[in-house]
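Trainee: Need a 3D model of the following:
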Amino acid sequence: MTESQVSGAPAPEEIRFRLGVRQCVPTLLLMTVCVWSGTVLRAVTGVGRPVFDVWTLVLWIMLVVSVVSPFGITLTPSAARVRDLRRRTIPWASVQSVRVEQVMGGRVVALYEAGGRRTRLRAPVTGFLQRDRGFEEKFHVIGQWWLAHRGTDWVPVPPPPGGGTTAWRRR
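Mentor: You can find the predicted model right below:
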């Protein structure tokens, strides 16, 4: 439940979820240690292996992207604006369900669309090094926001043929 619902104030026009500082810092520290240890090891040994240089470059890019990119989701009355490596707007009328999925020992929120597309959100997320005590509450806020804003003409669309959740495809 959001604060405005508790206090009786009008509902907000938008709700935004991003990774918290406590979720970003451990991952950034781990990546920084990997990058610096690789750079120092290469400098000390004097060995310049092309594969090693590529991984060092990849780790540097990941470090910069994770600091600069505002991954997350903004809930608006008409759509969910997802900010990932690319930005997408998903109209609430096309969302068929909001679910929690297990991914590499953590849990993420996923939006399933009528066309069979599944979008895993970067925030909220909880798991090793990215613990979020408010994950369940945020998941329920997203689900309630979808139910409230999907429209009166919304109708469920059966999943693509093939059965089960494996039939939904990721794009």
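
Trainee: Can you report phi and psi for the nearest residue to residue 104 once chain neighbours are set aside?
Mentor: Of all residues not flanking residue 104 in the chain, residue 127 sits nearest, at 7.2 Å (Cβ to Cβ, 6 or more residues apart in numbering). Placement of C-beta: from N, CA and C, glycine included. With angles defined as degrees, to the nearest 10, residue 127 sits at phi 170, psi -170.

Trainee: these two touch, right, residue 127 and residue 105?
Mentor: Yes: under the contact definition of Cβ atoms under 8 Å, residue 127 touches residue 105, with a separation of 5.5 Å.

Trainee: Which one's more surrounded, these two?
Mentor: A count of neighbours by other Cβ atoms under 10 Å puts residue 127 above the other of residue 127 and residue 105, at 16 against 7.

Trainee: what sits against the more buried one?
Mentor: Applying Cβ atoms under 8 Å, 6 or more residues apart in numbering, one finds that residue 127 lies in contact with 103, 104, 105, 106, 107.

Trainee: and with 10 Å instead?
Mentor: Neighbouring residues of residue 127 by Cβ atoms under 10 Å, 6 or more residues apart in numbering: 23, 102, 103, 104, 105, 106, 107, 108, 135.

Trainee: Next up, identify which helix or strand the closest residue to the third one other than its chain neighbours is on.
Mentor: I take that to be residue 103. Counting by Cβ to Cβ, 6+ apart, residue 103 lies nearest to residue 120, which is 7.0 Å off, once chain neighbours are set aside. Residue 120 is part of strand 117-126, with elements assigned from DSSP states H and E.
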